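> Provide a 3D model corresponding to the input given below.
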Amino acid sequence: MGDNLLEISLARFLIRCVMIVYEIGIPYMDKRYQAAELTLLQETCKKMCIPMPRIVEKPDNYNQIQLEL
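Prediction:
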């Protein structure tokens, strides 16, 4: 499971607040449990006319930071 299963819900909320979300980092995504949230995310993106964010499982944040330095 993800840290708290709120990553996709949070992204959907931010999209509804007119923020562009490019990427959702989630430690683990079990589509059986997240299917409804993914559907709502897709519908929200269509309604707000913005592209669907990329979903990244097990993001390597350490390497991302090292590349920026």
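> Can you give the contact residues for stretch 5-24?
Here stretch 5-24 makes contact (C-beta atoms under 8 Å, 6 or more residues apart in numbering) with 25-26, 33-34, 37-38, 40-41, 44-45, 48, 50, 53-56. Placement of C-beta: from N, CA and C, glycine included.
> List buried residues within those residues.
25, 26, 34, 37, 41, 44, 45, 53, 55 (16 or more other C-beta atoms under 10 Å).
> Quick check: the fifth one touching residue 54?
By that I understand residue 41. No: under the criterion of C-beta atoms under 8 Å, residue 41 is not in contact with residue 54, lying 11.8 Å apart.
> helix/strand/coil for the residue nearest the centre of the chain?
Residue closest to the average C-alpha location in the chain (C-alpha atoms, centre = their mean): residue 24, at 2.8 Å. At residue 24 the chain is in strand, as set by DSSP: H, G, I helix; E, B strand; the rest coil.
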